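Visitor: Here is my input, please return the structure:
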Amino acid sequence: MNQMVMPGPAAGAADLWARHNADRLSWAFRAYNRFVESLSPEIRDRLAHKNQQAEPYVVVFGKTQVGKTTLLLDLMGVLPLHMVRASRVLRGKQAKGQSATATTMEYRRSPDQRWGLKVNDAGTVWFSVDADMEAALAGLRQQMETRNLAALAPSIVFLPADCFAPQTAQPVVRMLDLPGDKPANPTEQEHVSAMARKYVPLADLILLVGKGDDLSFLQEGALTLPGIEDWQSAPRRFRIITTYSFTAQSVRELVRQHGATAEARLYRERLIEQIERSVPLSKEARQERNFFPLEFGQSWLDAEKQEPVVYQRVTPLIDALKQQLLADIHASTTPIARLRAAVDAHIVIARVREKRLATMDALAATLGSQLKQARDELANAQTGVKQAAKACLRQQQQLDLLAPARLQQDLADHFRVPDKITLDSLDEKVTGFRVCIQAARSFLLQGVLNSRPMGTALGETASFWRGVDIVADKGRIDTILTDAYRNFTVTLDKYKLNGYWDTSADSNYARDIATLKKCNADAHRVLTGLAKQWWLEAAQEQVAAIGSHLATDRSKGRSWQQFADEGNVAIEALERSQERHLQARHEFANRMDADMRESRRFVEFLDSEYLAELRRRGLLIGTDKRPVSALVGLMAAVQLGQVRQQVLLHVDETAS
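Guide: Predicted structure coming up:
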C-alpha cells in the first residue's frame, strides 16, 4: 500500500522564500508609481512606468525599407546564409521598396524546421513550405489593408530552427517590429499610429533605426508618432541604430586610414557629428552609448568579396557593438532597470520644458505679431473713418452752400463778358468797318473763353468757382457772331465805293456806326447768356460730382467703420487668446518647476515605502504563529535591506 508523502518543513520554507523573493521589489515599484503619479501628465506619459510583473519587451521602429526586420533577425542570431531566405519569406510577396511589415510583429525561434504564424488569440498555424508562409503573410497584409482584421496584439512569427546558429538560444526578451513610419497606404498609417500609441509608452527600450546615409529620420518633425516624436526627452529609453553605416566611400577610407587600431568610439563620434549637422543633440542624448553604427545582411556579406580589408577590420567592431546592444536590451528589461525612468525624470522634465516653452514662446510671438498687426490695421481703419467723416462734412457743407439759386445769383452778379469793343480801326472806309467787325468777333470770342465768375464779392463760393471749367463750343460762338453781323455785312457788301463822302449825322457813315454798335451789343448779350448757361451747367455738374464724392466717401466711411468694428472684435479675441496663452505658459512653467522639485524626491518615496514595507512585515512576523513562516519572513525582512542597497546603488549609478 502506497503511503502519501507530506511535504516537509524544508519544502514549505522554500515555497515561502520563493514568494517573498518574488515580492522583494514590490515596495520599490510602489514608490516608483507614487513618484510617477506625482508628476504632470505630459511627463508621466514619457516615462515607461510598468509594474514589477509586467512583461518586458523592446520596440524596433523606423521608416520603411531601412532594415529593421533584418536587424532584429540578426540580433536574434539568424545565420547570415539564411538571412536572404528569411527576409524573402517575411516580405510576404511584397515588392521591394514597399513596407514588408503588415502589423506589429514578434519573431521567435520555431521548435522545429517549420514556419509558424499566430494572429491575435487564434492558435498557431504551422507551414512546412516557405511559399505557404509567404502566402499567409500576404493574406495578413491584405486583411490589414482592407480593415478586415483588427490587430489586438502583435502577430507572432516562428522562424525555422535551422535558420539559427545551433548555440543560439531563443531571446527571453520580446522584440516587437513595428510597421514602418509614414507608409504610402493611409490605412497602414492609421494602424502604425495605433500600434505606436499602444506599445511605445510601455516599451523598456526603443530602437530607432535609419540608414547611415540618410539621417533625416532624426530631424525635427520626421518622427511623428506618439512617444517617439521627441526621443531626446528620454534618451536613456532609446538607442539610435544606423544600417549601411560603412557603405559610404568616405567611411571606408576612414577604415583604411585607421587600420586595425580603430575603435568603435571613432565611428560613433563620426555618426554623432553627422547627426548634429542637422539635428541639435542634448548633452544626455549625444552620449556614445546611445549610438550604434552597424552593418548586417546580404549587403554586408557582399562587402567581404568587394572590400575584404574593410570587411575584416570592421567586422570585429560591428560584432562588439551588437553584443553591447544585446547587453543593453537585456539590461533594460530587468525589474530594477525599470526604475531608471525615475532617475531620468529630471532629463525628461528639462527637455519637455525647453521644447514646450520654445513652442509656446513662438506662439506668443506670433500672437503678439498678429495683435500688433491688428492694432495697426485698427488705427488705419480709425484714421480712414475720421478722414471719410471729414471729407463728408466738407462736401456736405459745399452742397448746402451751392444751392441752384446761389449759383444763378453768383452768375448774375459776378459774371461778365468784356464789352469794351474798340472802334479805332474806323477810317471812314468800308474796309475799316470790316476790320472792326473782325476785331469785335475776336474780342467777344476771347471774352467768352476767358471770362469766369470772379471777384471778392463771391465770398464762400469763390473757391468753388475756381474749380469749375467750361468747354466752350467755338463753333456755336462763331455761328452766333456770324448771325449777329450778317445783315450789316450784307449792307457793307452793297457799297460800290470804299470811302464815305458824307460823315454827317444823317449820313450812311453815321448809320453804319450805330448799326455796328448795335451788332456788337446784340452779340455781347447773346454770348453772355450762352456763357452763363454753360457756366451754370458746368457748376451743376461739379455739384453733382461733389454729391457723388459724398456718397462714395460715406460708403468708404461705412466700410472703414465696419473694418474698425471687426478689428476691435479681432483684437479682443487675440487679447483673450494671448491672455489664455500666457496663463497656460505660466501654469505649464509652474508645473515643470514643481515636477523638477518632485523629481529630486524619488529616494524619499523609496525610503517611505521601504519603511512602510518593514512595518508591514514586522506586524506579520509578530502575529505569525507558524515558526517556519515567521523565520522565513524575518529572513526576507533582513534581505529587504540588501535589496534596498542594490536599488539605491542602481539609482546612483544610473544618475551618474
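
Visitor: Could you list the low-pLDDT ranges of the stretch 451-600 of the chain?
Guide: Nowhere does the stretch 451-600 of the chain drop to pLDDT under 70.

Visitor: For it, which segments count as helices?
Guide: Using DSSP state H, counting those that start in this stretch, the helices found in the stretch 451-600 of the chain span residues 462-466, 474-494, 508-599.

Visitor: did I read that right, L176 in a strand?
Guide: Yes. Note on L176: a strand contains this position according to DSSP: H, G, I helix; E, B strand; the rest coil.

Visitor: residue contacts, it?
Guide: Going by C-beta atoms under 8 Å, 6 or more residues apart in numbering, L176 touches 57-60, 104-106, 154, 199, 203. Just so you know, the C-beta spots here come from the backbone N, C-alpha and C atoms, and that holds for glycine as well.

Visitor: give me that answer again for 6 Å
Guide: Contact analysis of L176 by C-beta atoms under 6 Å, 6 or more residues apart in numbering lists 57, 59, 104, 106, 154, 199.

Visitor: out of the residues you listed, which are buried?
Guide: 57, 59, 104, 106, 154, 199 (16 or more other C-beta atoms under 10 Å).

Visitor: which of the residues you listed lies closest to M76?
Guide: Set against M76, the nearest of the buried ones among the contacts of L176 by C-beta to C-beta is E106 (10.7 Å).

Visitor: so what pLDDT did R626 get?
Guide: Looking at R626, its pLDDT reads 81.

Visitor: residues near it, how many?
Guide: 12 (other C-beta atoms under 10 Å).

Visitor: what about it, distance to A521?
Guide: 150 Å (C-beta to C-beta, to the nearest Å).

Visitor: go on, V209?
Guide: V209 is 111 Å from A521, where distance means C-beta to C-beta.

Visitor: Equivalent analysis for Q370, please.
Guide: 76 Å.

Visitor: what about the chain, any weak spots by pLDDT?
Guide: Residue ranges of the chain with pLDDT under 70: 1-11, 48-55, 95-102, 151, 167-172, 181-188, 224-227, 259-261, 341, 650-656.

Visitor: What ranges does it have for its strands?
Guide: 57-62, 105-109, 115-118, 125-127, 155-159, 174-177, 205-211, 238-243, 291-293 (DSSP state E).

Visitor: helices and strands around the last one, which ones?
Guide: Taking 3 or more C-beta pairs under 6 Å, 6 or more residues apart in numbering; DSSP states H and E as the contact definition, the neighbouring helices and strands of strand 291-293 are strand 238-243, helix 264-276.

Visitor: re earlier: which of V209 and A521 has more neighbours?
Guide: V209 (25 against 13).

Visitor: quick one on the thing from earlier: could you dump the helices of the stretch 451-600 of the chain into JSON lines with distance to A405 added?
Guide: Formatted as JSON lines, the helices of the stretch 451-600 of the chain follow (distance: least, C-beta to C-beta, whole Å):
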{"stretch": "helix 462-466", "distance to A405": "15"}
{"stretch": "helix 474-494", "distance to A405": "27"}
{"stretch": "helix 508-599", "distance to A405": "11"}
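
Visitor: Go through those and name the closest to Q306.
Guide: Going by C-beta to C-beta, the one of the helices of the stretch 451-600 of the chain nearest Q306 is helix 508-599, 51.2 Å.

Visitor: what's the angle between that closest one and helix 474-494?
Guide: 170 degrees (axes from the mean of the first three to the mean of the last three C-alpha atoms, to 10 degrees).

Visitor: Pull the distance from helix 508-599 to the chain's centre.
Guide: 41 Å (C-alpha atoms, centre = their mean, to the nearest Å).

Visitor: same check, this time on stretch 373-380
Guide: 25 Å.

Visitor: try stretch 426-444
Guide: 89 Å.

Visitor: Go through it and flag the buried ones.
Guide: For stretch 426-444, burial by neighbour count (16+ other C-beta under 10 Å) applies to 426, 429-430, 432-437, 440-441, 443-444.

Visitor: now do stretch 323-342
Guide: 325, 328-330, 332-333, 335-342.

Visitor: Only alpha carbons, please: show stretch 368-383 as CSV.
Guide: Provided in CSV are the C-alpha atoms of stretch 368-383 (Å, rounded to 0.1, in the frame of the first residue of the first chain):
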residue,chain,number,x,y,z
GLY,A,368,2.0,89.4,-30.4
SER,A,369,2.7,90.0,-34.1
GLN,A,370,-0.9,89.3,-35.0
LEU,A,371,-2.1,91.6,-32.2
LYS,A,372,0.3,94.4,-33.4
GLN,A,373,-0.9,94.0,-36.9
ALA,A,374,-4.5,94.0,-35.8
ARG,A,375,-3.9,97.2,-33.8
ASP,A,376,-2.1,98.8,-36.7
GLU,A,377,-5.0,97.9,-39.0
LEU,A,378,-7.5,99.2,-36.5
ALA,A,379,-5.5,102.5,-36.2
ASN,A,380,-5.5,102.7,-40.0
ALA,A,381,-9.3,102.0,-40.1
GLN,A,382,-9.9,104.6,-37.5
THR,A,383,-7.9,107.1,-39.5
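
Visitor: Much appreciated, bye for now.
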